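K.L.:
Sequence and computational prediction follow.
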Amino acid sequence: LRLETRLRLAISEETLGIHYQPQVDVATGALVGLEALVRWTDTDLGVVSPAEFIPVAEDTGMIVALGSWVLDEACRQAAEWQLDVPMAVNVSPHQLIRADFVDVVRAALRRHALAPHLLKLEITERLSLGDPGRAAQHLAGIERLGVRLSLDDFGSGQSALASLMALPLHEVKLDRTLLVGVTADPQSWQVVAALLALARGLNLPVVVEGVETAAQLDALRTMGCGSVQGYFTGRPQRPSELRGIVGHAA
Ligand code: G
Ligand code: G
Ligand code: MN
Ligand code: NA
C-alpha cells in the first residue's frame, strides 16, 4: 500500500500516538510546557517519522483530519494531566487557512474543558502558500480565544523577521540548527545571543530548541535564555513515561 493509503488507515485504526517533550526553565529546571509530537507506528513499516508523513499528509489534504486528531488528543491529555503549563501543538498552514480553523480549536478546548491559555499553537512560516490575509484573520481569532501563539523554527529560513511584527505572537522558538555550533564557534554564539536580545527587546519569551549537551545549556544560561527544549533536558516521551514529570498525573 502507498504511504498515503496506510496513513489514511492509521487515523482510523489508532496506530497514531503522541509523544510529549518537556520545555524547561533554564534557571530553575522547572517544567514550563510540553510539545505534542505525533508518532505513527505502522504494522509493516514500523515507526514512521512525522518528517516523512506530515509532508504526505499536507500534499493529500489528510493533514486536516490528522491535525484535528492531534489537537483534540493533546487537549484531552493536558486536561487529564491537569497541566498548569501550556500544551504546545504544531499546526500546519494547511489547517490554519481553513475557514473552520478557529471553530475546530474552540471545539477541542470545550470538549475537554481546557482553559485557552493552556493551549499554545506552534506555527511555522509557510503561510505564503495560502491567502496570507486569511491566515492573519484566523490567527487574530485564535488570539481572541485566549490561545497562545508560538513562532516555530525561527531562524531556519522558514521564518522571517517581518512576522515578529505582523503576527500576534506570545513566544518564539529558535530553530535547533542555530544551536549546533554555539559552544565552539564564536559567530554562532553571537547569532544566538543577538536573537535572544532581539526577542527580549520585543518582550517575546523564547524557547531554544535542540539542546543536547550540558555545555549548550550552560552557554544559553550565560546568554540569559529563558527556556529550552531538547534531548538533554527531556526527550519526546510517551504519556506513560511522563507521569513523574507532569505532577498531577495518576
Ligand atoms: O518529533 P520529530 O522531530 O520527529 O518531528 C518532525 C517534524 O514533524 C517536526 O518539524 C515537527 O514540527 C513535525 N510535527 C510533529 N508532530 C506534528 C503535528 O502534530 N503536526 C504537524 N503539522 N507537524 C508535526
Ligand atoms: O519542527 P519542530 O520544532 O516542531 O520539531 C521539533 C523536532 O525536534 C521534533 O522532531 C523533535 O523530536 C526534535 N528534537 C527535539 N529535541 C531535539 C534535540 O535535542 N536534538 C535534535 N536533533 N532533535 C530534537
Ligand atoms: Mn514545533
Ligand atoms: Na522547531
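P.N.:
Here it is on my side, so go on. Please read all numbers here as calculations on a predicted model, not as lab measurements. Numbers count the residues shown, from 1 in each chain. Ligands and ions are numbered 1, 2, ... in the order given.
K.L.:
residues in contact with the longest helix along the chain?
P.N.:
Longest among the helix segments of the chain by residue count, using DSSP state H, is helix 63-81. By CB atoms under 8 Å, 6 or more residues apart in numbering, the surrounding residues in contact with helix 63-81 are 7, 11, 16, 18, 20, 34, 36, 38, 54, 57, 87, 89-92, 94-95, 98, 104-105, 108-109, 111-114, 118-119, 239, 242, 246-249. Where C-beta positions appear, they are placed from N, C-alpha and C, glycine not excepted.
K.L.:
change it to 7 Å
P.N.:
Outside helix 63-81, the residues within contact range by CB atoms under 7 Å, 6 or more residues apart in numbering are 11, 16, 18, 36, 38, 54, 57, 87, 89, 91-92, 94-95, 98, 104-105, 108-109, 111-114, 118-119, 239, 246, 248-249.
K.L.:
in its sheet, what does the next helix or strand after it sit against?
P.N.:
Following helix 63-81 in sequence order, the next helix or strand is strand 87-91 (DSSP states H and E). Strand pairing for strand 87-91, using DSSP bridges, gives strand 31-42 (parallel), strand 119-123 (parallel).
K.L.:
And ligand 1, is strand 87-91 touching that?
P.N.:
Yes. Using CB under 6 Å from any ligand atom, strand 87-91 reaches ligand 1 at N90.
K.L.:
Can you name the element that comes right after the helix or strand hosting Q216?
P.N.:
Counting by DSSP H and E, the element that carries Q216 is helix 214-222. Next in sequence after helix 214-222, counting helices and strands by DSSP H and E, comes strand 227-229.
K.L.:
What pairs with that following strand, parallel or antiparallel?
P.N.:
Using DSSP bridges, strand 227-229 pairs in its sheet with strand 16-25 (antiparallel), strand 206-209 (parallel).
K.L.:
related to what we said a few turns ago, buried subset of the contacts of helix 63-81?
P.N.:
Neighbour counting by 16 or more other CB atoms under 10 Å classes 11, 16, 18, 36, 38, 54, 57, 87, 89, 91-92, 94-95, 98, 105, 108-109, 112, 114, 118-119, 239, 246 among these as buried.
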